[in-house]
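**Student:** sequence? don't have it. structure:
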Ligand SMILES: [Cu+2]
């Protein structure tokens, strides 16, 4: 009986261990003005084991992509990437001017103070996927954060 219990708890432990522990800090979305169809979402992600952010979904936008900013010649451009590496235990920043979640085809303007639900899909090294639900706060465009993204 004792042995069976031990076995069961081991199984529980192993199945829990198959997934990375993913922590999302300070998720926020840049507020939009009327007619603006796209914006960016930002946050800091830490995964306990090596994993990859492969997809982000949101009911607030028709299209959601993971973007990176990169220099092309002298011009800073953004482009969609198939995924974002999350090294074990190392915080990955999504911030204005760097990696961001691009939200396009917005259903309605996003007003400062509101929240936007985001679902992050994280894939572990074993290809197992888990979802992480996040509520991002809508914030005004800061004076220092530069121009709104163009698409
Ligand atoms: Cu973008």
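**Tutor:** All right, it came through fine. Just so we're clear, the structure is a prediction, and the values are computed from it rather than from any experiment.
**Student:** going forward, measure contacts between C-alpha atoms and count neighbours the same way
**Tutor:** Noted.
**Student:** Look at the residue sitting nearest the centre point of the chain and give its secondary structure.
**Tutor:** By C-alpha atoms, centre = their mean, the chain has its centre lying nearest to residue 120, at 5.4 Å. Assigned with DSSP: H, G, I helix; E, B strand; the rest coil, residue 120 falls in the strand class.
**Student:** List the contacts of it.
**Tutor:** Neighbouring residues of residue 120 by C-alpha atoms under 8 Å, 6 or more residues apart in numbering: 53, 54, 55, 56, 57, 131, 132, 133, 134.
**Student:** filter those residues to the buried ones?
**Tutor:** Buried members of the contacts of residue 120, counted by 16 or more other C-alpha atoms under 10 Å: 53, 54, 55, 56, 57, 131, 134.
**Student:** how about TSV for the contacts of residue 120, with secondary structure and pLDDT added?
**Tutor:** Shown next, in TSV, are the contacts of residue 120 (DSSP: H, G, I helix; E, B strand; the rest coil; pLDDT from 0 to 100):
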residue	secondary structure	pLDDT
53	strand	98
54	strand	98
55	strand	98
56	strand	98
57	strand	98
131	strand	96
132	strand	97
133	strand	97
134	strand	97
